[in-house]
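Student: Any chance you can model this:
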Amino acid sequence: QVQLVESGGQLVQAGDSLRLSCAASGLTFGNYNMGWFRQAPGKEREFVAAISRRKGLTGYSDSVKGRFTATRDNGHNTAYLQMNSLKAEDTAVYYCAAGNNAYGWSSIVSDYPYWGQGTQVTVSS
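Tutor: Below is the predicted model of the structure:
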């Protein structure tokens, strides 16, 4: 049974940093691209960042590019999202997701069959 468990979300001030973690089990972690998505109240789930399964190539949404960094530790089956210079508009529930799209990382929700339960990030201004 595949499980993805996010952690690290909390209430912070604008300009602060946070690191989210996503611990994976029940799958061969190194075979999966890892994506990060977020969903704010009343909005659709949106792509934030992703990291490919083999070469560790990364992709980011325009809204977080230069501020967020996706990494992974295949030896510990864990993906990370380092978030710097947080803004109030980054407030959302953040989800990690796993998929094995052969093309590499993806920004498309349907390319990820496995999802975590989410962790709340609140940025106060």
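
Student: In CSV, list the C-alpha atoms belonging to stretch 60-70.
Tutor: What follows is stretch 60-70, C-alpha atoms only, in CSV (Å, rounded to 0.1, in the frame of the first residue of the first chain):
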residue,chain,number,x,y,z
TYR,A,60,8.3,25.2,-10.9
SER,A,61,5.3,27.4,-11.3
ASP,A,62,6.0,31.0,-12.2
SER,A,63,4.6,32.1,-8.8
VAL,A,64,7.2,30.2,-6.8
LYS,A,65,10.2,30.1,-9.2
GLY,A,66,13.2,31.5,-7.5
ARG,A,67,11.7,31.1,-4.0
PHE,A,68,10.9,27.4,-3.7
THR,A,69,13.2,24.5,-4.3
ALA,A,70,12.3,20.8,-4.7
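
Student: residues of it that come out buried?
Tutor: For stretch 60-70, burial by neighbour count (16 or more other C-beta atoms under 10 Å) applies to 60, 61, 64, 68, 69, 70. (Glycine included, C-beta is placed from N, CA and C.)

Student: The helix or strand hosting the last one pairs with which strands?
Tutor: Element membership for residue 70, per DSSP states H and E: strand 68-73. The strands that strand 68-73 pairs with in its sheet are strand 78-83 (antiparallel) (by DSSP bridges).
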